[in-house]
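Chemist: Based on what follows, work out the 3D shape:
(one chain, ligands or ions: 2)
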Amino acid sequence: MSAYADRLQALATAAADRCTGCGKCFEACPTAREVGLDAGEAIERVAELSALTRAGGRVAGGLEMWLNACDGSARCSTACPEGINVRQWVTIAKLKAVEASRPAEQNAISAANRFRHMAQAVRLLASMQLPSETLRRILAPAEKRTADVLFYTGCNVLRTPHIVLNVMDILDALELDFDVVGGTGHCCGVYQFMEADLPTYERIGHRTFQRFGQSGASRVLTWCPTCTKNFDELEKDVEAPSFDLGHVSEFLAANLEVLASRFKAEQPKRRVVIHEHLGIGATVESIAKLLRAVPDLELIELPQDSGFSYACGGVAAKYKEREAAIHRGLAEAAVAAGADTIVTMYHSCHRAFAGAEAVYPLKVVNFTDVIAEALGRGGHPDYYGLYKKGGTMDEAVAAARSFLQSNGVKIDQASVQSLTADIFNETGLAGPRGAFVNAFSELARRG
Ligand code: SF4
Ligand code: SF4
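Modeler: Ligands and ions are numbered 1, 2, ... in the order given. Next up, the predicted model:
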């Protein structure tokens, strides 16, 4: 075992040592119920988790179902009376279970396939929506940066790059010395960890984290909830970093006084509902606090299923029906409550919700759209939202043509097909996919 694997094992063993076996974590787990595991089995399942942690070996059937069901909601950690980070414990146990279930070469193949698929989609979508100088700025090596603050985007937000541009605008408004770092060259390694390819994870995710330290930054602001969760649980707890780490929304909320003093008084009147996800630090409270400070914005609080997963998509995407019901239920409740806007927290949620504009009388924006606009900045087009709504594509195609040219990237019919599947097979509300296919097939043909 590597030193890193030893330290993960030590974290899991410490959790097992502190655990009293009360079962409250399992009782609180929404996805265990989703796959049919009864709350009455809690003591048994937790005993199996402890046994796997201490002795390894074959994974009991009930435990295997629990581990496979986990979508990272963190309801277990919140429920634990001992304050154990049960989500972290379950994540490490899941790694062990995958390791025990198949040969290591298979782990590496599965991880590489998932990474390749993601990287291709991100590269294409970013090249269709961002000029080359901005992409180059984001992709430059982290350890060569000199700013005191790093804004770490992760990979997948580059599918909806207007969010990155908004955050950069907001940090500019704070007059902060920051660099932006992201893309697949700075991946958090989630696929390698999930597929139990630990040697590659160490070369990717672990290395990305070390590069932050090498830059000399005192603070790293994360965007992606998955990266935030991974770095919190698999890096920060393994070895104390030389920098502070936290989600950008928490940083902005902590600096609200300065931000609010720079908000423009004249703002569009709107009644908004946040599509909430618990599970990543204080992001829900932080985003609500930011929105409440925006002039002429009324925040409507609705009861919602915010504890099912820490974000839309990702692992939660395997519960397609439940996710779709959550999205439809929230959109309908928002309309009934007289809201005109749904505000998304993260990029994967934004992708899932962006197409709702084609179905409901609602606007869908990310919270960064609202804050950047309140500062008199922002206004970056949400091309992904245009793809997903399925209306006229002229603006999106014209932008893509010029950005693809500036990035030296060409799309062909195969890329249009794979992008269509990527965009429209995701859980979420959407308009007709034909508009995207036709417009971008034409672009692929004619350039
Ligand atoms: S993180 Fe959520 S889904 Fe995973 S075990 Fe804990 S409660 Fe269940
Ligand atoms: S809630 Fe905490 S103490 Fe109770 S079984 Fe789960 S991890 Fe152990």
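
Chemist: From now on I want contacts and neighbour counts done on CA atoms only, so please keep to that.
Modeler: Noted.

Chemist: roughly how far apart are A93 and ligand 2?
Modeler: Distance of A93 to ligand 2, computed by C-alpha to the nearest ligand atom, to the nearest Å: 13 Å.

Chemist: need the contact list for that residue.
Modeler: A12, L49, L52, T53, L67 (C-alpha atoms under 8 Å, 6 or more residues apart in numbering).

Chemist: what does Y201 give?
Modeler: Applying C-alpha under 8 Å, 6+ apart to Y201 gives the contacts G189, V190, Q192, F193.

Chemist: again, but for D340
Modeler: R270, R271, V272, A334, P361, L362, K363.

Chemist: just checking, the second one is part of a helix?
Modeler: No - with the criterion set as DSSP: H, G, I helix; E, B strand; the rest coil, the secondary structure at R271 is strand rather than a helix.

Chemist: Could you number the chain from 10 rather than 1 from now on?
Modeler: OK, 10 is where the count begins now, so the last one is R280.

Chemist: Run through the bridge partners of it.
Modeler: E307 (DSSP bridges).

Chemist: Just the buried residues of the contacts of Y210.
Modeler: Neighbour counting by 16 or more other C-alpha atoms under 10 Å classes G198, V199, Q201, F202 among the contacts of Y210 as buried.

Chemist: Tell me how many other residues crowd the residue in the stretch 110-259 of the chain that ligand 2 sits nearest to.
Modeler: Proximity of the stretch 110-259 of the chain to ligand 2 (C-alpha to the nearest ligand atom) peaks at E242, 15.5 Å away. Other residues near E242 come to 19 when the count uses other C-alpha atoms under 10 Å.

Chemist: And the pLDDT for it?
Modeler: With respect to pLDDT, E242 has a value of 93.

Chemist: In contact with it, which residues?
Modeler: Shown in contact with E242 (C-alpha under 8 Å, 6+ apart): Q97.

Chemist: How much space separates it from L254?
Modeler: For E242, the distance to L254 equals 12 Å [C-alpha to C-alpha, to the nearest Å].

Chemist: and what of K153?
Modeler: K153 sits at a distance of 19 Å from L254 (criterion: C-alpha to C-alpha).

Chemist: about what we covered before: and the contacts of A102, which is closest to ligand 2?
Modeler: L58 (9.3 Å).

Chemist: What distance do you get for the nearest residue to that closest one once chain neighbours are set aside to N434?
Modeler: Using C-alpha to C-alpha, 6 or more residues apart in numbering and skipping the chain neighbours, the partner closest in space to L58 is L72 (6.7 Å). Separation of L72 from N434 (C-alpha to C-alpha): 30 Å.

Chemist: Next: A182.
Modeler: To N434, A182 is 37 Å away according to C-alpha to C-alpha.

Chemist: Mind checking which of the two has more residues around it?
Modeler: The neighbour comparison of A182 against N434 (other C-alpha under 10 Å) goes to A182, with 17 against 11.

Chemist: From what I see, the more buried one and L384 are in contact.
Modeler: Yes - using C-alpha atoms under 8 Å, A182 is in contact with L384, at 7.3 Å.

Chemist: quick one, domains of the protein?
Modeler: The chain breaks down by automatic domain parsing into domains covering 12-110, 113-263.

Chemist: Among these, which comes closest to S318?
Modeler: Among the domains of the chain, the nearest to S318 by C-alpha to C-alpha is domain 12-110 (4.2 Å).

Chemist: Quick one: end-to-end length of the closest one, please.
Modeler: 23 Å.

Chemist: Same question for stretch 208-221.
Modeler: End-to-end for stretch 208-221, by C-alpha to C-alpha: 20 Å.
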